[in-house]
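1. Have a look; sequence and predicted model below, questions after that.
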Amino acid sequence: MELHEAFEELGASTKLVCVFFTAAVETGVHVIHWGDAHLEPDRTFTWPHSEQLPVAPQWLE
């Protein structure tokens, strides 16, 4: 199931908070954001609010 299909099944009144990040095995988490998404009639997403979260330092062993 595609993400837009899941949104359509939930309905227009559903609110969804998303957490998205980038990471690599070698270097860990690079950046984390959270925000709310809305499915538009053309099946694209808009992010009316998003905010970057702090990433804890990765301790090397």
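-> That came through fine. Numbers count the residues shown, from 1 in each chain.
2. By mean pLDDT, flag the weakest helix or strand of this protein.
-> Taking mean pLDDT, DSSP states H and E as the measure, the helix or strand of the chain with the lowest value is helix 3-10, at a mean of 72.
3. Do a quick rundown of the strands in the protein.
-> With strands called from DSSP state E, the chain shows them at 17-24, 28-39, 45-53.
4. Run through the neighbouring helices and strands of the first one.
-> In this structure, strand 17-24 packs against strand 28-39, with contacts taken as 3 or more C-beta pairs under 8 Å, 6 or more residues apart in numbering; DSSP states H and E. Where C-beta positions appear, they are placed from N, C-alpha and C, glycine not excepted.
5. Show me how far stretch 26-46 is from its chain's centre.
-> Counting by C-alpha atoms, centre = their mean, to the nearest Å, stretch 26-46 is centred 3 Å from the centre of its parent chain.
6. contacting residues around Cys18?
-> With contacts defined as C-beta atoms under 8 Å, 6 or more residues apart in numbering, the neighbours of Cys18 are 34-37.
7. re the thing from before, Glu8: which of the strands of the chain is closest?
-> strand 28-39 (6.9 Å; C-beta to C-beta).
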